[in-house]
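[1] got a predicted model here, sequence first, then my questions.
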There are 2 protein chains.
Amino acid sequence: MNGAESLIRTAVAAGVEVCFANPGTTEMPLVIALDTVPGMRAVLGLFEGACTGAADGYGRMSGKPALTLLHLGPGFANGIANLHNARRARSPIVNLIGDHATWHVGYDAPLTSDIVSLAKPVSAWVHTTRTANETARDGAEAIAAAIRYPGHVATLIVPSDCQQGESAGPLAPHPRQAAASVPESALSDSVTALRSGKPAALLLGGPALLERGLRAGATIAASTGCRLLCDTFPARLERGAGLPLVEKLPYFPEQAIEMLSRFAFLILAGTSAPVSFFGYPGIPSRLTPAECAPVVLSRPDEDTVGALEALAGRLNAGKDKGIAVPAGRPARPVGALTPRSLGEAVAALQPEGTIIMDEGATSGLPHFLVSAGAPRFTYLTITGGAIGQGLPCATGAAMACPDRRVVALQADGSGMYTLQALWTQAREGLDVTTIVCANRSYRVLRVELARAGVTEPGPQALALTDLTRPVIDWVELARGMGVRAARVETADALVLEFERALAEPGPNLIEAILP
Amino acid sequence: MNGAESLIRTAVAAGVEVCFANPGTTEMPLVIALDTVPGMRAVLGLFEGACTGAADGYGRMSGKPALTLLHLGPGFANGIANLHNARRARSPIVNLIGDHATWHVGYDAPLTSDIVSLAKPVSAWVHTTRTANETARDGAEAIAAAIRYPGHVATLIVPSDCQQGESAGPLAPHPRQAAASVPESALSDSVTALRSGKPAALLLGGPALLERGLRAGATIAASTGCRLLCDTFPARLERGAGLPLVEKLPYFPEQAIEMLSRFAFLILAGTSAPVSFFGYPGIPSRLTPAECAPVVLSRPDEDTVGALEALAGRLNAGKDKGIAVPAGRPARPVGALTPRSLGEAVAALQPEGTIIMDEGATSGLPHFLVSAGAPRFTYLTITGGAIGQGLPCATGAAMACPDRRVVALQADGSGMYTLQALWTQAREGLDVTTIVCANRSYRVLRVELARAGVTEPGPQALALTDLTRPVIDWVELARGMGVRAARVETADALVLEFERALAEPGPNLIEAILP
C-alpha cells in the first residue's frame, strides 16, 4: 500500500468522510487513493477558496473535519482567506497539500515555494511528511490536531514521493480528548459577579451558542437578570422559536462600548473579551469600558457548555428555566425592496431547519432582527472578516446537512470573490438558495469613508467603491455555472421567487436589486 | 500631509502611474490620497488575484512597477498565487497592504494575521512601516527594491495610523542602479564552449527574449551554429516575422532531456539551468544530461543583453547577423475546431503588435508552433505554474499598451480561477479578446493520470478532472460581467468571430468548444 492510500485509509478510519478538492499533478496518488479506498467522497471546487470555505461550513455543521486537497503553495494560497475565517470560527479542517518530491523540491522548479510560511498564519498545526511510511502517522496527528476542542485548522504537506512510496498501512485514530474543565475560581468569580446586585451580561461564544449552551445561559439569565449577548460574528448560532434570545454585539465600536457601559460585569463564556473590528482614532480597541469588568467563566479551549451548566447549578437556577422566544414571523412584505423587506421576506418564509449563511454585509442585519421567532434555524456568519466566505460556506453546510435548506444572504461585492462555489452546488445538487443583496457597491466602504470625514469622495474613491460600471448580472453568472436564477426588484417579487426557490430541489439564486 | 499622501506622492515622483486596487477599511487614507494626488490611476479588481496578475502583466509590458492596494492578510493572500507567477517572471511590483493601526494590531481583532509570513514566499523585499513619517521613506525603498534589475516583488505593510498620521512629505526616488556586468570568466567560458567544435545551444531568458537580446543571440548562433532555445514558460518573448526564431524547451522532462542530450554545452543567458516542472520517479530533476554541460554566461540578475552583445563581439560575429523568420501565416482554417485549428485561426488573423497571453495549457502549444511568421507580436506565458494568471495578466498588459490588441488564449479550468478580471476589462474598456479553450476538463491531469499508469481512472478521479457536470457557459459568465461574448464550434466560425472581435473596441470573449 502506498503512502497516499495509507493516509486516506487513516482518515476514513477516523471518521472523515468528505474531501473538498482541487488537485494537480503532485496530488495524483491521493486522487487515485480516493477511488481505491471506500468511504471518502471527493467534491471538486473550481477554485481553492471554494474548497476551504466549504470545509469550514461542513465543519461548523457536522462538528467533523473535512479534508481539503490542494496543489502546492499557490493552490493552498488561494484557500488562505477562507481558512482565516475557519480559524476564527474554530472549525476542524485537515488540509492536505501536495508538494514536489523530496528529491525534487531543492531544484526550485517553477511551482516551488515556502508552503510552511504560507500555512502558519492560518494553521494551529503544520507538518511536512518526510517518508511514505510516516504519511499515515502524520495524517492521524493532523486529524487529532484538527479535532482538539473546540476545533482547529491542521495542515499536512505531503511530497509526491511520500504519496507514491510503500508504507506499512493505515493507523487507528488517536483517542479524542475531552475539553478541559474550567477552574473553580472561574465559577466562583462568575457567581460573585452575578450575585453582586450590579448589572451584568453573559457573552456567549463557540459551543455556548448551540442549544444546550443557550439553554444553560438563559437559565442563568432568568435566575440573575443578566443579559445574554454574543459576538458580532458567531461561527454558529442556533435561533428561532422555542430557543432563548441572544443579542449580537453591535459592529461599530462606539455602539458596542455604549451597550457594554451599562454593565458592571461581562461574563465571558467560550469567547475572549471583545475588541473593535477595526481601530478608529480616539476610540479604544477594547469594547469593555473601565466600568465594565470582564470575568472569564471559560476560555475558548475550555468546556464552555459544562461551565455554563455548572454555573447554573451553583446559582441554584434550576434546569432549562430560561425564557424562550415565542413563535412569530413578519408578514410577507410588499412594495419596495430594501434590506429590511428582504430580511422580512426571508424570515416570513424560511422553513424549519433552515441554515442561514449571512454574508449580507450592510444588508444582512435586518434579517437577524426580524427572524428571532421563525421556526428553529441555524445562523452562520463570516467570522474572520475575509470576504468571499458565504457561497463556499453555504456549500459545505449543505453537504453536511442534506436534509436542510441552506439560504445564503450574500452581498454582491463579497460574492464575486468566490462565485465559483455556485458550480459545486450545481454539481452536487445541493439545496442552497442564494439571495444576492445587490446594492451594486462596496457599501460598507462608503460608510467608512463617511466615518473618516469624507462626505464627498473624489472620483477615484467613488470608482473603487462602485459596482455599476459595468453592472454585474448575477442571473447570467449563476446560469453560466448551471444554477437556476431570477432577478427581483420588489419585495412582492422576492416573496414569490423565494417561495418558488424553496420548493425546488437543488441550488438556485435570486438577485435582489437593492437601493 | 498625512502618511498616505506622502506615500502616493513618492510613488508618482518615482514614475509609478497605476494602482490595481481592492481596498478595505484599513486602506481608506490611501484611497483618499489617490484623489488628492494627481497622476496615479486607480483600477478596481473584484478579487485580489485580478489585481496582482494585472500588475504582473503591466510590469512585463511597461517595465515599470504598478502598485497593488490590498486589504490586510486575507486580501493579500488572495493575490499570492499571481504574485508567485510575477516573482518567477521577475516583474516589478509594489504591493501596498493596509494593516490595523499599530496600537490596535495587538488585540487580535478578527482580521488580524501574520502578514509578513504570508508575504515572504512571494516577495524579495517585505517591510512594515512603523510611523507616519517613515511611510514615504519605506515607499521609496519598496520601489527601489521592485525595480532592482531585472525586477522584483516588494511588499510594504502600512498600518492605518501610519497612513493617517502627519508626515514630512514625499521623498525623491532612489537612483536606479544599472545591472551588474558579467565576469570576464563567463565570457571566456562561453567563447571556449562555442568554439569547441561540439554542438552547443544558447538558452535565453529574461531580457534576452526582447528584441536586442534576440538579435544578439541570433548573431551568435549564425556565427557558431549553436541552437537558440528559451525556457518553456518565458515571462515575455518577442516573436514574429523579422525576428530570430527561438525554440521553447519541451514541457515534459523526457523530451527536454532528449533534446538537450544532443548538445555538449548549454550556454545560460539570463536564466538558470533548466529543471523539470515536476519530479517524476526515475527521471532526473536536472534537464541537462551528463553529456550536456551548463555554462553560465549571465545569471538572471546580471546584464544579459550586454553579455550577449559582448559575447558576439568576442566571437567577431558582427552585429545583427542572425537569421530572421520570414513573414508567413497559416491559412484561415476550416472544419473541425481543435487546438491546432484554433492556433491557426489566431495566427492567421492576429494584427501586428498583438500581445498573446498564453494560458491555454494543453491547448496553447499549436498557436506557438504556427505563429512564428506572423507580424511582430509579444508572447506572455504563465511563469510560475499558478493557474488563473491569464485573464488578469492580459488585463494589465492592455493597461500598459492601450494601442495594442491583447489576445488571451485561456484554458477553461484555469480561467475559472480569476474570471473576475473580465469585469475590470469591461470597466476600463480594454482591447482584450479572450479565447476560452473549452475542452471542459482539467485535461493536463488526465495526461498526468495516464503518465502515472492509470489508464482507466476511477469515478472520483474522473469527476475531479471533469468540467461537464454542469457545463460552464462562458458566454453567460462574460455577459454577466459586461463583456461581449460568442460561442463557436467550428474553425470557420472561430475565424469569423475572431475577425469581428478584433475589429471592435473594448473587451470580448469567444468560447471555443474543443474536443
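    It's in. Numbers count the residues shown, from 1 in each chain, chains lettered A, B, ... in the order given.
[2] for chain A, name the helix or strand with the lowest mean pLDDT.
    Every helix and strand of chain A was ranked by mean pLDDT, DSSP states H and E. The lowest is helix A:443-451, at a mean of 92.
[3] and the helix or strand following it, what's buried?
    Remark: after helix A:443-451, the chain's next helix or strand is helix A:459-464, criterion DSSP states H and E. Neighbour counts over helix A:459-464 (16 or more other C-beta atoms under 10 Å in any protein chain shown) mark A:460-461, A:463-464 as buried. All C-beta atoms are positioned from the backbone trio N, CA, C, and that covers glycine.
[4] could I get those residues in TSV, plus columns for pLDDT?
    Converted to TSV, the buried residues of helix A:459-464 look like this (pLDDT from 0 to 100):
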residue	pLDDT
A:460	96
A:461	96
A:463	95
A:464	96
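[5] which two from the residues you listed end up farthest apart in space?
    Farthest pair in the buried residues of helix A:459-464 (C-beta to C-beta) is A:461 and A:463. Separation: 7.4 Å.
[6] quick one on the thing from earlier: contacts made by the least confident helix or strand of chain A with the rest, please.
    Residues from elsewhere that reach helix A:443-451 (C-beta atoms under 8 Å, 6 or more residues apart in numbering or on different chains): A:280, A:361-363, A:411, A:413, A:457, A:461, A:464-465, B:23-25, B:28, B:31-32.
[7] by pLDDT, rank the residues you listed and give me the bottom one.
    Lowest pLDDT of the contacts of helix A:443-451: residue A:362, 87.
[8] spatially nearest residue to that residue (excluding sequence neighbours)?
    residue A:443 (4.4 Å; C-beta to C-beta, 6 or more residues apart in numbering or on different chains).
[9] if I look at the closest residue in space to residue A:239 that isn't next to it in sequence, how far off is residue A:237?
    Leaving aside its sequence neighbours, residue A:239 sits nearest to residue A:379 (C-beta to C-beta, 6+ apart; 5.1 Å). According to C-beta to C-beta, to the nearest Å, residue A:379 and residue A:237 sit 4 Å apart.
[10] cool, and residue A:392?
    Following C-beta to C-beta, the distance that separates residue A:392 from residue A:237 is 19 Å.
[11] these two: which is more packed in?
    residue A:392 (37 against 25; other C-beta atoms under 10 Å in any protein chain shown).
[12] give the contact list for the more buried one.
    A:45, A:49-54, A:56-57, A:82, A:418, A:421.
[13] rerun that using 6 Å as the cut-off
    By C-beta atoms under 6 Å, 6 or more residues apart in numbering or on different chains, residue A:392 lies in contact with A:50, A:53-54, A:82, A:418, A:421.
[14] my read is that residue A:209 contacts residue A:239, right?
    No. Contact between residue A:209 and residue A:239 fails when scored by C-beta atoms under 6 Å: they sit 9.1 Å apart.
[15] so which strand or helix has whichever residue of the stretch 251-400 of chain A sits closest to chain B?
    Chain B sits closest to residue A:279 of the stretch 251-400 of chain A, with a gap of 2.8 Å, by C-beta to the nearest C-beta. Here residue A:279, judged by DSSP H and E, is contained in no helix and no strand.
[16] next, count neighbours for it.
    24.
[17] wait, it sits on residue B:99?
    No. Taking contacts as C-beta under 6 Å, residue A:279 lies outside contact range of residue B:99: 9.9 Å.
[18] state the three-state secondary structure for residue A:392.
    helix (DSSP: H, G, I helix; E, B strand; the rest coil).
[19] domain assignment for chain A?
    If you go by automatic domain parsing, the domain ranges for chain A are A:3-164, A:184-314, A:339-513.
[20] and the first one, how far out from the chain middle?
    On the basis of C-alpha atoms, centre = their mean, to the nearest Å, the separation between the geometric centre of domain A:3-164 and that of its chain is 19 Å.
[21] ok, the longest one next?
    Its chain's C-alpha centre and that of domain A:339-513 lie 15 Å apart, by C-alpha atoms, centre = their mean.
[22] how far does it stretch from one end to the other?
    Length of domain A:339-513, first residue to last, C-alpha to C-alpha, to the nearest Å: 10 Å.
[23] over to stretch A:409-421?
    Note: stretch A:409-421 ends 14 Å apart using C-alpha to C-alpha.
[24] cool, stretch A:230-248 as well?
    End-to-end distance (C-alpha to C-alpha), stretch A:230-248: 5 Å.
[25] thinking again about what came up before, how close does the residue of the stretch 251-400 of chain A closest to chain B sit to residue B:435?
    47 Å.
[26] and residue A:35, what helix or strand is that in?
    Secondary structure assignment for residue A:35, by DSSP H and E: helix A:28-36.
[27] show me where the stretch 51-200 of chain A has its helices.
    A:72-78, A:80-89, A:115-119, A:135-147, A:160-164, A:184-194 (DSSP state H, counting those that start in this stretch).
[28] closest one to residue B:95 among these?
    Across the helices of the stretch 51-200 of chain A, closest to residue B:95 is helix A:72-78 (C-beta to C-beta), at 13.7 Å.
[29] tell me what the closest one is packed against?
    If you count contacts as 3 or more C-beta pairs under 6 Å, 6 or more residues apart in numbering or on different chains; DSSP states H and E, helix A:72-78 packs onto helix A:48-62, helix A:115-119, helix B:80-89.
[30] quick revisit: ok, which of the domains of chain A comes nearest residue B:181?
    Checking the domains of chain A against residue B:181 by C-beta to C-beta gives domain A:3-164 as the closest, at 24.7 Å.
[31] circling back to that earlier point, contact partners for the residue of the stretch 251-400 of chain A closest to chain B?
    A:285, B:100-101, B:104.
[32] now it. Nearest residue, chain neighbours left out?
    residue B:104 (2.8 Å).
[33] with residue A:18 instead?
    residue A:66 (4.5 Å).
[34] surely that neighbour meets residue A:58?
    Yes. Between residue A:66 and residue A:58 there is a contact under C-beta under 6 Å: 4.6 Å.
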